[in-house]
Structure formats: structure tokens, C-alpha cells
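[1] Got a predicted model here, sequence first, then my questions.
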Amino acid sequence: MEFELIKADPQSKARAGVVTTAHGKIETPIFMPVGTAATVKSVHQHEIKEDIKAHIILGNTYHLFLRPGLDVLEGAGGLHKFMNWDMPILTDSGGYQVYSLSGTRKIKEEGVTFRSHIDGSKHFFSPENVMDIQRTIGADIIMAFDECTPYPCEYKYAKRSMHMTHRWLKRCCERFDTTEGKYGYDQTLFPIVQGSVYKDLRKESAEMIASFEREGNAIGGLSVGEPHEDMYEMTEIVCDILPWEKPRYLMGVGTPVNLLENIALGVDMFDCVMPTRNARNGMLFTSEGVLNMKNKKWEKCYEALDPFGTSYVDSFYTKAYVRHLFASRERLAGQIASIHNLAFYLWLVKEARKHILEGDFIEWKNQMVPKLTHRL
């Protein structure tokens, strides 16, 4: 993997760059739609590529390991071929999912024992076998195995967990560097910064992660319930330490405003289930604000979903029609809403990139933020 910095914004820490992988180039800043189980919910692959114009998606190691299973994925020739996606893929290591299974998992130095949410079967993840699993899945960018701490989290726990994550990272790197990909192309390993919302821990973790000198780095353990101000403060601390010349990925973030504020702090890559999850519940993000499509006020509104035309579906369907679909509980409602929200997120980061290149990103961001939080 290669990363080229094209331009830095003169009034902030925002950057525009290009990540090059074996499956194509990714212009940054970028938002990655979440395809947890080899699918972005309700959206066809050709729509993701051609209409939403997402050039990288995310898969999840935990879910893919349990279903369809490694034998199925390897038999298909890896995740790209299995889901008919010829562009870059990033896989989460499963650390966050293990964190969310707090009632059915045990964390030890060796790794994590957990029970499947599907059938209750018992499994074990270690830094070593998570590298092997992600080799088999075949993503272009894979994540180190870490422990994601909850919020709130006591300082002693956060520190102990962070140090274990660092020890696990050493084991991940040793395993990764002594194995090869299975499908004839290179993969890249990103370490993950932890440390909860404690400044000294975030600083220590960022310095440790940077010392491993991998091709890119991730920031984890945020967007887990902490105030947005804490997220931004931790992100700024970490971005000031992580190497300038390497991409930075803020995991699991977030709202449209979160994206813009963190881009201003130096983040290049994002992912979040919010655009599709909220879409299925009738919430649409637009350039003018947030829409609740279940609201009766849209019953006879024959305007486009977004006057800015951020998605191709905006020119096909009116607010009245989409509101009708939700009222009728038609599955097409969730599909249209998901395509719209994902396209809007990709439009937003593309616009951010354009304004970074033009040198007026901060002015544009400051105009956009109040709009994005407005309830229409």
C-alpha cells in the first residue's frame, strides 16, 4: 500500500491524499460503507460502486469468521470474489464485536474466548489467529487485534487494556510479517491507538503505535458514548503524534459533523453504520439538514430528497413517495434511504476534499456544520 499526500489545508490540519492498494486507488478523505457480513445492507454492489461511488468498503472479521466461515471464503478465492467486489476492502479485526459481547467473553493475555451470537458456540481469537483469519478473508487493509474499552472507563483499566493492546500488536506484527497473503496480492496491517479519553494514555499509545512504522494507523476506542468534545480532543492529540506522511483511520465515526470536524484535525478515513442504520429507521441526512421521513409533514411534499442532488435517487423519488413507502412498511423505503444516505456521506467527503484542494476548507466546513445539525 502507498499513500501520497496531495495537499494540506493552510488553515487546519485537513489533508487530501491518495491511498493505492492492489485493488485500486482511494482518494482521501474517504468514508467507507460498512459491509459487515459481505454486504452493505439493502444495497447492491454495483450501486455502491457506480451510484454511491464508494471506492472502498469495510467487512468484519468476527461476523465473516462465524458466517459464512473461512472454508467458504477461501473456496471462493477470498472476500473480493465471494461478494463480486473488485475494489479495495478493509477488515475490522473483530475487537469491537468482542467488546460488545461483554456478557459472553473472557479476555486474557493469550486472547479472547467468546460465544457466537448465532448459535452460542465457543471460539477463541488471539493476535496470531486473527492475522491468519484476515489473511484468509483477503482484505487489502487489515486491522490489528485490540481491546476496545467502554465509556466510561476507569483509568487503571484503560491503562492496563492499552498496554495489552500494545503487546498484542507486537504479536500481530510478528505473525503478519512471517506469513503471506493467499490470493496473490499484498495486504497491509494497521495498528490501533487506544487509551480511552485520557490524554496521557492517548499520547503514550500514539507514540507506541507510531514506533511500529506500519504503512497506516488507526484510532480506536472512540465513538463509544463519550461526548463529541472528548472525541475531538483525543483525535487531535493522536493526529499530532502519528506520522504525517501515513493515512489515519478513525474507526466507527460517525455523524456528518463528526466527519468534517475530524477531517479538520487530520483524519483521512472513516467508517460507521449510522448512514444505513438510520436510513432503515427513516432518518435521512441532506445538505440542508436531517429529515425524518416518517413525519406526516412530508405526506404531500413533492420535492427531491435533497435539493443539492447529492444522490442519484434524489432525482427519482420525492419526499412524499419515500414517506409513503415508510408508512406502508415497504422494503424499498430502506433501500432508497440507504442509497441516499451513503451517497450523501460520499458526497460530503468528496466536497471536503475539493475544498481542501481549493484552500477554503475551513470556511466551507463552518458554513456546513450548522446546516448538517438542523432538523427539517
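    Alright, I've got the coordinates. Residues are numbered from 1 along each chain as shown.
[2] Which residues does stretch 6-18 contact?
    Residues from elsewhere that reach stretch 6-18, judged by Cβ atoms under 8 Å, 6 or more residues apart in numbering: 3-5, 25-29, 236, 239, 247, 263-266, 268, 352-353, 356-357, 359, 361-362, 365. Any C-beta I mention is one placed from the backbone N, CA and C, and that applies to glycine too.
[3] Secondary structure element for Ile356, which one?
    With the criterion set as DSSP states H and E, the secondary-structure element containing Ile356 is helix 331-358.
[4] Buried residues in that helix, which are they?
    Of the residues in helix 331-358, those scored as buried under the neighbour-count criterion (16 or more other Cβ atoms under 10 Å) are 333-353, 355-356.
[5] How far off centre is it?
    Between the centre of helix 331-358 and the centre of its chain there are 14 Å (Cα atoms, centre = their mean, to the nearest Å).
[6] Going along the chain from that helix, find the next helix or strand for me.
    helix 361-372.
[7] For the stretch 101-250 of the chain, which segments count as strands?
    In order along the chain, the stretch 101-250 of the chain carries the following strands (DSSP state E, counting those that start in this stretch): 105-108, 111-115, 122-125, 141-143, 188-190, 192-193, 217-219, 248-250.
[8] The residue positioned nearest the centre of the chain: what's it in contact with?
    With distances taken as Cα atoms, centre = their mean, the chain has Asp271 as the residue nearest its mean C-alpha position (1.7 Å). When contacts are counted by Cβ under 8 Å, 6+ apart, Asp271 touches Phe31, Met32, Pro33, Val34, Leu58, Leu90, Tyr249, Met251, Gly252, Val253.
[9] and the residues you listed, which are buried?
    For the contacts of Asp271, burial is judged from neighbour counts taken by 16+ other Cβ under 10 Å, and it is met by Phe31, Met32, Pro33, Val34, Leu58, Leu90, Tyr249, Met251, Gly252, Val253.
[10] before we move on, back to that, relative to Cys301, how far out is the residue nearest to the residue nearest to the centre of the chain when sequence neighbours are not counted?
    Ranked by Cβ to Cβ, 6 or more residues apart in numbering and with sequence neighbours excluded, the top spatial neighbour of Asp271 is Met32, at 4.2 Å. If you measure Met32 against Cys301 using Cβ to Cβ, to the nearest Å, the figure is 32 Å.
[11] Tabulate the contacts of Asp271 (JSON lines), appending secondary structure.
    Below are the contacts of Asp271 laid out as JSON lines (DSSP: H, G, I helix; E, B strand; the rest coil):
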{"residue": "Phe31", "secondary structure": "strand"}
{"residue": "Met32", "secondary structure": "strand"}
{"residue": "Pro33", "secondary structure": "coil"}
{"residue": "Val34", "secondary structure": "strand"}
{"residue": "Leu58", "secondary structure": "strand"}
{"residue": "Leu90", "secondary structure": "strand"}
{"residue": "Tyr249", "secondary structure": "strand"}
{"residue": "Met251", "secondary structure": "coil"}
{"residue": "Gly252", "secondary structure": "coil"}
{"residue": "Val253", "secondary structure": "coil"}
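[12] Between those, which sits nearest Gln194?
    Using Cβ to Cβ, the shortest approach to Gln194 within the contacts of Asp271 belongs to Met251, at 10.5 Å.
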